[in-house]
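S.K.: make a model of this:
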Amino acid sequence: MAKLIALLTITLFLGLTFGVNTRVHAETEQLIGFEAQYTVYRFGRRLGKARLSLKADEDNLYRLDYYSKVAAFFLSDIRSETSFFSFENNQLQPHTYAYSRSGTGSNKNTQIHFNADKSTVTINQAESIDWLGQLDNQLYRLDVQLKLASGKCEFVYDIINNRGQMRHYVLKVVGKEQLDLPFGMIEGIKVKILRENSTRETIAWFSPQLNYQLVKLQQFKSGNEQGEIRLKHFKSQNTH
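M.R.: Numbering: from 1, shown residues only. Down below sits the predicted model:
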């Protein structure tokens with residue numbers, strides 16, 4: 001049972017590592033809404049599904065949603081993330097972030113509020129702390145896509161993750177590949193998370209043909225595959 005629970009946790013981590021990206025219209029600095037659906041695998045076996053979406057909300061905010069559901073035998077894991085944010089001068093500014101996990105084992109929830117006027121952030125209704133520009137667990141992944149579209153090849157981020165913890169990530173483009181996915185054949189820019197003193201390796205592919213949408217992601221530990229997601233369906237539309 002412990003191995004299966006670990007498998008579910010690792011597999012869902014794939015969706016949360018790069019789980020969301022979007023498209024941007026460079027001339028108007030307007031983000032383009034989309035819905036992307038993925039299939040989750042391990043060693044070629046389908047374990048579940050994930051869905052990513054972006055749409056415009058009220059008050060000139062955007063809403064970014066992630067949902068995944070994975071099952072193995074009698075074990076299950078359901079997770080969701082929702083970010084509300086604004087986009088001005090080609091910059092993403094978080095407003096609120098919510099994370100929820102249910103299924104086998106303990107349920108978990110995280111709520112984060114960013115206050116730009118006071119430069120503070122509140123995590124799970126605890127006392128506010130100084131906000132030094134960190135992005136939430138989804139928006140740094142969105143920013144990767146924007147930077148790929150602008151031609152950049154290396155990215156550094158300080159974030160607050162889905163547990164409310166501060167993290168520092170370095171990502172780097174390491175090549176391009178043709179990918180055979182449920183969506184079809186498509187080119188992917190290969191991006192790797194660089195970690196010090198870690199046996200975990202995470203690699204993601206973003207497609208220029210789909211305005212740098214995430215199309216595939218794999219995770220390895222000590223050289224062994226832990227899980228994979230592949231794009232199945234993609235639909236875009238203007239949010240305004």
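
S.K.: who's in contact with the closest residue to Gln93 other than its chain neighbours?
M.R.: Counting by CB to CB, 6 or more residues apart in numbering, Gln93 lies nearest to Ser86, which is 4.9 Å off, once chain neighbours are set aside. To be clear about C-beta, it is placed using only N, CA and C from the backbone, and glycine gets the same treatment. With contact set as CB atoms under 8 Å, 6 or more residues apart in numbering, Ser86 has these partners: Asn60, Leu61, Tyr62, Leu92, Gln93, His95.

S.K.: please apply the same query to Asn161.
M.R.: Per CB under 8 Å, 6+ apart, neighbours of Asn161: Asn137, Arg167.

S.K.: how close does it sit to Thr110?
M.R.: 9 Å (CB to CB, to the nearest Å).

S.K.: most widely separated two among the contacts of Ser86?
M.R.: Pairwise distances across these peak at 13.5 Å for Asn60 and Leu92 (criterion: CB to CB).

S.K.: tell me which of the two has more neighbours.
M.R.: Leu92 (21 against 10; other CB atoms under 10 Å).

S.K.: so that one makes contact with Leu142?
M.R.: Yes. Assessed by CB atoms under 8 Å, Leu92 is found in contact with Leu142 at 6.2 Å.

S.K.: got any ranges where the protein has weak pLDDT?
M.R.: 1-29, 195-198, 238-240 (pLDDT under 70).

S.K.: hey, where'd the helices end up in this protein?
M.R.: Ranges of helices in the chain, per DSSP state H, are 2-17, 139-149.

S.K.: number of residues surrounding the nearest residue to His233 once chain neighbours are set aside?
M.R.: Leaving aside its chain neighbours, His233 sits nearest to Gln37 (4.2 Å; criterion: CB to CB, 6+ apart). Number of residues near Gln37 (other CB under 10 Å) recorded here: 17.

S.K.: correct me if wrong: Gln37 contacts Lys49.
M.R.: Yes. Gln37 is within contact range of Lys49, at 6.8 Å (criterion: CB under 8 Å).

S.K.: what is in contact with those two at once?
M.R.: With CB under 8 Å, 6+ apart, Gln37 and Lys49 have common neighbours Lys232.

S.K.: residues contacting the nearest residue to Leu92 once chain neighbours are set aside?
M.R.: Once flanking residues are discounted, Leu92 sits nearest to Leu139: 4.9 Å by CB to CB, 6+ apart. By CB under 8 Å, 6+ apart, the contact list for Leu139 reads Leu64, Ser83, Phe85, Leu92, Pro94, Ile159.
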